[in-house]
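> Give me a model of this one.
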Amino acid sequence: MAPEFGEVFANGNSEAAIAALSALIEAGIQPTNLTCLDHTIEKKGNFVLAFTVQDYVYQHGAADERSLLDCYRQQIKIKDQKAGLEWLKARVPSNDRNRFCLNAIQDQEFALLWDFIQQPTADNDEIVWLMRAIACARKNGNDPHKKELLQYYTRTDTDFHHKMGQYLMGIISENESLDLATDPSKKAAVSYAIAVKAHGQNRYEDASDWYRISVETGVEKEVWFKFACDALFRWSQSGRGLWKAAEEKL
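Numbers count the residues shown, from 1 in each chain. Take a look at the predicted model:
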């Protein structure tokens with residue numbers, strides 16, 4: 001439905017698009033199934049209408065992370081980063097922002113990890129910090145928050161995710177991180193972390209090997225498996241293999 005919706009309404013007015021959305025919802029289609037309708041409109045460059053469509057769907061029940069982040073990105077394109085953040089912060093209370101940390105990595109929206117989440121709440125705060133360490137490693141340590149990360153990870157903690165963060169920040173060695181891979185899920189996580197570090201250092205062949213090892217664990221429900229698949233997929237879309245990915249620093 002999304003391509004057809006975009007073709008019909010991309011060059012039209014918002015009233016017609018909203019009327020169509022309203023009719024779809026009244027016909028029994030769940031708003032969560034309409035969150036992709038803005039994509040074709042956005043591809044055609046009508047960011048204002050794309051935002052209007054996505055915001056309407058959000059207001060009528062599709063309050064998932066993907067819908068909210070689509071609106072955030074469209075606000076950036078219409079205005080700027082500050083406007084996007086203000087829109088997102090106004091709709092998600094500070095005690096409910098940790099859940100966006102995985103999307104920040106998957107979508108490479110690293111700024112969300114600090115500018116939006118800011119102070120992580122106690123629920124899954126270790127995961128937020130790990131995502132921050134992943135983002136830092138992906139940028140080869142060129143992160144304005146590196147000092148805060150090092151301070152956090154110098155704390156002794158035997159938690160698996162904390163140890164992964166210590167590896168990413170260079171506090172423990174690769175061999176020490178491999179010792180943590182005691183089951184398929186942890187192997188997927190550790191392999192992904194090693195891949196991210198190699199990726200940030202522009203060691204694309206090593207990164208590719210470790211992303212593939214993460215995927216080969218077969219733990220499809222684990223976020224590390226999904227992250228590794230995403231990285232390999234982005235490279236495959238470059239069209240000319242690893243050398244093209246390396247040349248464009250994908």
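> Please go through this protein and pick out the longest helix.
helix 184-200 (DSSP state H).
> for it, which positions count as buried?
185-200 (16 or more other Cβ atoms under 10 Å). In this view, the C-beta of every residue, glycine as well, is placed from N, C-alpha and C.
> What of stretch 9-16?
Result for stretch 9-16 [16+ other Cβ under 10 Å]: buried residues F9, A10.
> what do you get for stretch 140-158?
G141, D143, L149, L150, Y152, Y153.
> What of stretch 170-186?
By 16+ other Cβ under 10 Å, the buried positions in stretch 170-186 come out as I172, S177, L180, A181, S185, K186.
> List the residues that contact the last one.
In other words, K186. Contacts for K186 (Cβ atoms under 8 Å, 6 or more residues apart in numbering) come out as F160, L180.
> Distance of it relative to R212?
17 Å (Cβ to Cβ, to the nearest Å).
> try the second one
S177 is 17 Å from R212, where distance means Cβ to Cβ.
> can you pull the contacts of the closest residue to H199 other than its chain neighbours?
Using Cβ to Cβ, 6 or more residues apart in numbering and skipping residues adjacent in sequence, the residue nearest H199 is A207, 4.0 Å away. Residues counted as contacts of A207 (Cβ under 8 Å, 6+ apart) are A195, V196, A198, H199, A231.
> Now do the helix or strand hosting A207 against helix 184-200, angle only.
Assessed by DSSP states H and E, A207 sits inside helix 204-216. Relative orientation of helix 204-216 versus helix 184-200 (axes from the mean of the first three to the mean of the last three Cα atoms, to 10 degrees): 160 degrees.
> Just the CA trace of helix 204-216, in CSV.
In CSV, the C-alpha atoms belonging to helix 204-216 read as follows (Å, rounded to 0.1, in the frame of the first residue of the first chain):
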residue,chain,number,x,y,z
TYR,A,204,36.9,-3.8,6.9
GLU,A,205,38.0,-7.4,6.2
ASP,A,206,38.3,-8.1,9.9
ALA,A,207,35.0,-6.4,10.6
SER,A,208,33.3,-8.4,7.9
ASP,A,209,34.7,-11.7,9.3
TRP,A,210,33.5,-10.9,12.8
TYR,A,211,30.1,-9.6,11.7
ARG,A,212,29.6,-12.9,9.8
ILE,A,213,30.6,-14.9,12.9
SER,A,214,28.0,-13.0,14.9
VAL,A,215,25.4,-13.9,12.2
GLU,A,216,26.5,-17.5,12.0
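> could you give the mean pLDDT of that helix?
Per-residue pLDDT over helix 204-216 has a mean of 96.
> Show me what counts as buried in that helix.
Residues of helix 204-216 classed as buried: Y204, A207, S208, W210, Y211, I213, S214, V215 (neighbour count, 16+ other Cβ under 10 Å).
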